[in-house]
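Colleague: Sequence first, then the predicted structure:
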Amino acid sequence: MKKVYTCFCTDVIHEGHLNIIREAQKFGEVYVGVLTDEAMIRFNRFPTINFEERIKLIKELDGIKDIVIQSDIMYDAIVKKLRPDYVIHGDNWKSGPLKAVRDNVEQLLSTYGGKIIDVPYTYNENVKRVDAQLKEKLSMPEYRRKRLKQLLKLRPIVKTIEVHSGLTGLIAEKTIVEHGGEFDQFDAMWISSLCDSTAKGKPDIELVDMTSRFRTIDDVMEVTTKPIIFDGDTGGLTEHFVYTVRSLERIGVSAVIIEDKTGLKKNSLFGTDVEQTQDTIEHFCEKISSGKKVQLTEDFMIIARIESLILERGMEDALNRARAYVKAGADGIMIHSRKKDPAEILEFCDKFRVEDNNTPIVVVPSSFNTITEAELAEHGVNIVIYANQLTRSAFPAMEQTAKDILKYHRAKEVDSRLMPIKDIISLIEEL
Ligand code: SPV
Ligand code: MG
């Protein structure tokens, strides 16, 4: 009997999958691969059921010879082990990022005469509905909220990008890149106080009020499924912060990061150029523990941000605060720096990790931007936030366009740099 292999990366079996199995059976015995969670989340949406449940789902299908666990998006290990005569897949992998997978399989099979079978992708109303329902499920508060904790277990480092609108949310949600055989996408979204304020033409001084910040969260949530980390600035008065925690948790935000500053907060990247007051350890600990007391689920995280390095209070002060904040109940520590050299951040991480191997560390490498995610992960960092790069890339592009229209007295000269009208219309999915 010939061997036919297909890999499923799904939490629901619909007629498209059944069609693939039917087609596969015509060529031989069917082996179905189940992609691990770790591999699946590199390029697909987050699974709504876990790996064991997905295996069970496939096991219940008729006409399958065996199930194979596939732990990499690329098929090298599977093809080596199974040596299938055929690999069958929906023809959607002939273009887009998945084409790299098809090319890889084609090359692997060519070494011993194996063949690819491309089956026309089933995309009817029924399949569309199943797809939409899964997406809807992932966007629900109870699914979205816990996802950050799930990702912390599945990812070597959780990659987070700043969003401040529905449109930037869509970029965070949908951008998937294949590069050198590796797939990647962002895991989570950061609602930055700096960019949320900047988008409104306002300074980053806690002037944009919570009602407005929640409006931004809602705009993002409407069109995305990925988990949200909210920049809570100083958290405000403890008596107010407890209400913020409740509201964020209820709507499905996964974490709030609050910084240990008090009084008029200014953006940290000003450093010591402006007057900034650091909170006392006791007072900030009280804010953290008050927040922890009011939350209702195990999913929500309160992350304490330490400003000691920004304010040049020294490494010992930063480490002391980290110890105290964790003791007060913080679910994570964000350590910030505005130095170009990542040395002080890495020193903090190394020293903190000697004492504490569990508490997640968050960093925001805006200034120390030469360091890679892998290097950060080696030093025990769990979440990396690209806190303002989308805003900083959009602004100069828009400004240049405005200048050129004024210069040429028409828009023809800028057109080649613009997204085609057709593309911008189709960017937004219609229900
Ligand atoms: C933000 O994005 O608003 C932050 C990070 O708080 S930083 O601007 O680096 O302080
Ligand atoms: Mg901020």
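Modeller: Arrived safely. Ligands and ions are numbered 1, 2, ... in the order given.
Colleague: When you work out contacts or count neighbours from here on, use the C-alpha atoms and nothing else.
Modeller: Fine.
Colleague: and the longest helix for the chain?
Modeller: Across the chain, the longest stretch assigned as helix under DSSP state H is helix 389-408.
Colleague: How about residues contacting that helix?
Modeller: Residues outside helix 389-408 that contact it (Cα atoms under 8 Å, 6 or more residues apart in numbering) are 162-163, 168, 195, 411, 413-414.
Colleague: Try it again at 10 Å.
Modeller: 161-164, 168, 171-172, 194-196, 198-199, 366, 409-415, 417-418 (Cα atoms under 10 Å, 6 or more residues apart in numbering).
Colleague: tell me which parts of the stretch 151-300 of the chain are close to ligand 1?
Modeller: Neighbours of ligand 1 within the stretch 151-300 of the chain, by Cα under 6 Å from any ligand atom: 192-194, 267-269.
Colleague: pretty sure M334 is in contact with F352, am I right?
Modeller: No - here M334 lies out of contact with F352, judged by Cα atoms under 10 Å, at a distance of 11.6 Å.
Colleague: Identify the contacts common to the two.
Modeller: Common contacts of M334 and F352 (Cα under 10 Å, 6+ apart): 322, 361.
Colleague: ok, and for the longest helix of the chain, which residues are buried?
Modeller: For helix 389-408, burial by neighbour count (16 or more other Cα atoms under 10 Å) applies to 390-391, 401, 404.
Colleague: Could you export those residues to a markdown table, including columns for pLDDT and distance to D273?
Modeller: Formatted as a markdown table, the buried residues of helix 389-408 follow (pLDDT from 0 to 100; distance: Cα to Cα, whole Å):
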| residue | pLDDT | distance to D273 |
| --- | --- | --- |
| L390 | 96 | 25 |
| T391 | 96 | 23 |
| T401 | 98 | 33 |
| D404 | 98 | 35 |
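Colleague: circling back to that earlier point, are any of the contacts of helix 389-408 buried, and if so which?
Modeller: Using 16+ other Cα under 10 Å, the buried members of these are 161-164, 168, 171-172, 194-196, 366.
Colleague: For those, give me JSON lines that also has secondary structure.
Modeller: What follows is these, written out as JSON lines (DSSP: H, G, I helix; E, B strand; the rest coil):
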{"residue": "I161", "secondary structure": "strand"}
{"residue": "E162", "secondary structure": "strand"}
{"residue": "V163", "secondary structure": "coil"}
{"residue": "H164", "secondary structure": "coil"}
{"residue": "T168", "secondary structure": "helix"}
{"residue": "I171", "secondary structure": "helix"}
{"residue": "A172", "secondary structure": "helix"}
{"residue": "L194", "secondary structure": "helix"}
{"residue": "C195", "secondary structure": "helix"}
{"residue": "D196", "secondary structure": "helix"}
{"residue": "S366", "secondary structure": "coil"}
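Colleague: farthest pair in the residues you listed?
Modeller: Comparing all pairs in those by Cα to Cα, the longest separation belongs to I171 and S366, at 19.3 Å.
Colleague: Tell me which ones among the buried residues of helix 389-408 also neighbour ligand 1, please.
Modeller: Counting by Cα under 6 Å from any ligand atom, no member of those is near ligand 1.
Colleague: average pLDDT across stretch 269-277?
Modeller: Across stretch 269-277, pLDDT averages out at 87.
Colleague: With stretch 240-255 instead?
Modeller: For stretch 240-255, mean pLDDT rounds to 98.
Colleague: Pull that stretch out as CSV, backbone CA atoms only.
Modeller: Provided in CSV are the C-alpha atoms of stretch 240-255 (Å, rounded to 0.1, in the frame of the first residue of the first chain):
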residue,chain,number,x,y,z
HIS,A,240,-9.2,54.4,41.1
PHE,A,241,-6.9,51.6,40.0
VAL,A,242,-9.0,48.9,41.5
TYR,A,243,-11.9,49.9,39.3
THR,A,244,-9.6,50.0,36.3
VAL,A,245,-8.5,46.4,37.1
ARG,A,246,-12.1,45.2,37.3
SER,A,247,-13.0,46.8,34.0
LEU,A,248,-10.0,45.6,32.1
GLU,A,249,-10.5,42.1,33.4
ARG,A,250,-14.2,42.1,32.5
ILE,A,251,-13.6,43.2,28.9
GLY,A,252,-10.9,40.5,28.3
VAL,A,253,-7.6,42.4,28.6
SER,A,254,-4.9,40.0,29.7
ALA,A,255,-2.5,42.3,31.6
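Colleague: quick one, phi psi at the residue nearest the centre of the chain?
Modeller: Geometric centre of the chain, nearest residue: D187, 1.5 Å, by Cα atoms, centre = their mean. Per-residue torsions, D187: phi -90, psi -30 (degrees, to the nearest 10).
Colleague: unless I'm mixing things up, it is touching P156, no?
Modeller: No - counting by Cα under 10 Å, D187 sits too far from P156 to count as a contact (11.4 Å).
Colleague: Can you pull the residues that touch both of the two?
Modeller: Residues touching both D187 and P156 (Cα under 10 Å, 6+ apart) are I383.
Colleague: What ranges does the stretch 201-350 of the chain have for its helices?
Modeller: With helices called from DSSP state H, counting those that start in this stretch, the stretch 201-350 of the chain shows them at 210-223, 238-251, 281-294, 315-327, 343-355.
Colleague: First residue to last residue on stretch 196-213, what's the distance there?
Modeller: 7 Å (Cα to Cα, to the nearest Å).
Colleague: Can you name the residues in contact with it?
Modeller: Contact partners of stretch 196-213, identified using Cα under 10 Å, 6+ apart, comprise 162-165, 191-195, 216-219, 230-236, 244, 263-268, 388, 391, 395.
Colleague: Now list the buried members of those.
Modeller: Among these, the ones that count as buried by 16+ other Cα under 10 Å are 162-165, 191-195, 216-217, 219, 230-236, 244, 265-266, 268, 388, 391.
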